[in-house]
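> below is the sequence, then the predicted model.
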Amino acid sequence: MIASLNQIFLPAMWLYLAVTLITFLALFFITAPYGRHARQGWGPTMPAFWAWMIMEMPAFLALPVYFWISGAPLTWPHLIFILAFSGHYAQRTFYYPWRRRQTSHRWPVTLPALAFTYNLLNGFTNGWYLFAIHAPYTSAWLTDPRFLIGAVLFLVGMVINLHSDKVLLDLRKPGELGYKVPQKGLHRWLASPNYFGEFIEWLGFAVMTWSPAALLFAAYTFANLAPRAHANLKWYRETFDDYPRTRKAFIPFVW
Ligand SMILES: NC(=O)c1ccc[n+]([C@@H]2O[C@H](COP(=O)([O-])OP(=O)(O)OC[C@H]3O[C@@H](n4cnc5c(N)ncnc54)[C@H](OP(=O)(O)O)[C@@H]3O)[C@@H](O)[C@H]2O)c1
């Protein structure tokens, strides 16, 4: 099993690079059809609640599973990587769908199917690199500047992401499905600060692990969310006459 997973690691990394480049190009022409960008013609739909739970599950399980399969020792850095990655996905798999259950549009089944497959690839490349390809991270890694800077970035990104998602979810009362102009936190500067926080979080994870798989994850997050943030800003400007003109899409004061 370990030998087979070692063999497929490099092809999986090349596949991941190709998926990232294709995603970035494709999403500038096609905005994923969910939420405010939902439209007819994408096949059968399902409740957003189940879509989120099912598609994020492989990501939640990935690091503990690959840690167990690899037989790597339980060091402090290994434990922190598992807590960071799986902690993020525990929130995203269980709490987040429950939190937005009463205020969500349905999703085309195609999207969670694609996201589920992506999470298998992302979970494998990240988990296998950390626990099987890289030599065991020892406690000495905890004082390395890369770990410390990355951990701070990760935490800052997580706070921005969680707070920005909360501001959006607080805009609707149970049963409401309409859209309003958010006025709190980083929403005062950006159309999609939750995406910006998500990107900073995974950039931080890439720095704190110094892993090429995590770097691909950060690049994919940018490829996936930057074009959507751009589409969201355009949508806000077209939908609300009073939408503040100073707000950017994805990066404060820049873009
Ligand atoms: N790592 C990745 O590649 C990746 C990919 C996708 C998402 N994510 C993360 O998953 C989370 C959710 O993503 P998302 O694309 O669903 O975010 P989103 O479009 O910002 O929507 C988040 C929630 O807020 C609601 N909402 C958004 N804008 C609103 C407004 N102006 N007024 C009232 N309600 C509003 C949405 O309702 P509707 O659903 O009805 O629009 C949805 O329930 C984010 O934290 C994001 O970073 C990560």
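Yep, it's here.

> tell me how many other residues crowd the residue of the chain found nearest the ligand.
Distance from the ligand to each residue of the chain (CB to the nearest ligand atom) is smallest for residue 35, at 2.8 Å. For every residue, glycine as well, the C-beta is placed using N, CA and C. Other residues within reach of residue 35 by the criterion other CB atoms under 10 Å amount to 15.

> so residue 21 touches residue 220, yeah?
No. Shown here, residue 21 and residue 220 do not form a contact pair, counting by CB atoms under 8 Å, at 9.7 Å.

> looking at the two, which one has more neighbours?
Summary of the neighbour comparison: residue 21 and residue 220, criterion other CB under 10 Å, with residue 220 having more neighbours (21 against 13).

> can you count the residues close to the spatially closest residue to residue 250 that is not a sequence neighbour?
Once its chain neighbours are removed from consideration, residue 250 has its nearest residue in residue 229; the separation is 3.8 Å (CB to CB, 6 or more residues apart in numbering). Using other CB under 10 Å, the number of residues around residue 229 comes to 23.

> so which elements touch the host helix or strand of residue 229?
Using DSSP states H and E, residue 229 sits within helix 212-239. Contacts of helix 212-239 with other secondary structure elements, assessed using 3 or more CB pairs under 8 Å, 6 or more residues apart in numbering; DSSP states H and E, are made with helix 2-29, helix 110-128, helix 193-209.

> get me the contact residues on the stretch 1-150 of the chain for the ligand.
Where proximity means CB under 6 Å from any ligand atom, the interface of the stretch 1-150 of the chain facing the ligand comprises 35, 36, 100, 103, 104, 105.

> now, of these, which are buried?
Applying 16 or more other CB atoms under 10 Å to these, the neighbour count classes 100, 103, 104 as buried.

> ok, back up a step: out of the helices and strands packed on helix 212-239, which is the most enclosed?
Neighbour counts (mean count of other CB atoms under 10 Å) averaged over each of those peak at helix 193-209, with a mean of 24.

> picking up where we left off before, between the helices and strands packed on helix 212-239, which one is nearest to residue 54?
helix 110-128 (5.6 Å; CB to CB).

> what angle separates that closest one from helix 212-239?
150 degrees (axes from the mean of the first three to the mean of the last three CA atoms, to 10 degrees).

> going forward, the N-terminal residue is numbered 122.
Right, with 122 as the first residue, what we last looked at is helix 231-249.
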